[in-house]
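Chemist: With the input below, show me the fold.
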Amino acid sequence: MAAPERTVRDLTGLLNMAGHTLTNRLSAALADVDLTPRMQCVLVHALEEDRTQIQLAELADLDKTTMVSTVDELEKRGYAERRPSSTDRRARIIAVTDKGRAAAEEGQRIVDFVHREALGWLAPGDQDEFVEALWHLASTTRDPGPQPVRRSRNR
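Modeler: Okay, the predicted model is just below:
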């Protein structure tokens, strides 16, 4: 029996392989400055404005458990600290320390270098177009996850 004919290249497989390769390169490069991609992402978003751990988890696309361990590690390294929110006494703001700011700045230089290197095979104008196409694909295909089934209250 023959396999079905593919009419379109395996976009999912290609994107997964490219993402895996880029993540490995980024992880190795950031390890030189004692950061992980997750930690870098959280630090950068925390530096933008006061954000709670929950808000940062959403921006970094991290589940609650992973976010807690990431912030624990940032605190252990002296890069960030949890502070009470001024607007919600139940929430904690993740505040970046001076040491964390320096690490995030160095980490961003590394992230930018790795990304420029990954796009280097494209002409400069094509790089912008490629990144814009990826952004569009990612933003229009974002999976919100399983949705609850709504049942009528009248039975």
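
Chemist: When you work out contacts or count neighbours from here on, use the C-alpha atoms and nothing else.
Modeler: Fine.

Chemist: Buried residues of stretch 103-117, list them for me.
Modeler: 103-104, 107-108, 110-111, 114 (16 or more other Cα atoms under 10 Å).

Chemist: Now render the residues you listed as a markdown table, adding secondary structure, pLDDT and distance to residue 32.
Modeler: Output for those, formatted as a markdown table (DSSP: H, G, I helix; E, B strand; the rest coil; pLDDT from 0 to 100; distance: Cα to Cα, whole Å):
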| residue | secondary structure | pLDDT | distance to residue 32 |
| --- | --- | --- | --- |
| 103 | helix | 96 | 11 |
| 104 | helix | 97 | 13 |
| 107 | helix | 97 | 9 |
| 108 | helix | 97 | 13 |
| 110 | helix | 98 | 9 |
| 111 | helix | 97 | 12 |
| 114 | helix | 97 | 13 |
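
Chemist: Could you identify the most distant pair in those?
Modeler: Of all pairs drawn from the buried residues of stretch 103-117, the one with the longest distance (Cα to Cα) is 103 and 114, at 16.4 Å.

Chemist: Strands of this structure, residue ranges please.
Modeler: Assigned by DSSP state E, the strands in the chain fall at 80-84, 92-96.

Chemist: The closest residue to residue 94 other than its chain neighbours and residue 67: what is the separation?
Modeler: Of all residues not flanking residue 94 in the chain, residue 82 sits nearest, at 4.8 Å (Cα to Cα, 6 or more residues apart in numbering). For residue 82, the distance to residue 67 (Cα to Cα, to the nearest Å) stands at 12 Å.

Chemist: cool, and residue 20?
Modeler: Note on residue 20: its distance to residue 67, by Cα to Cα, is 21 Å.
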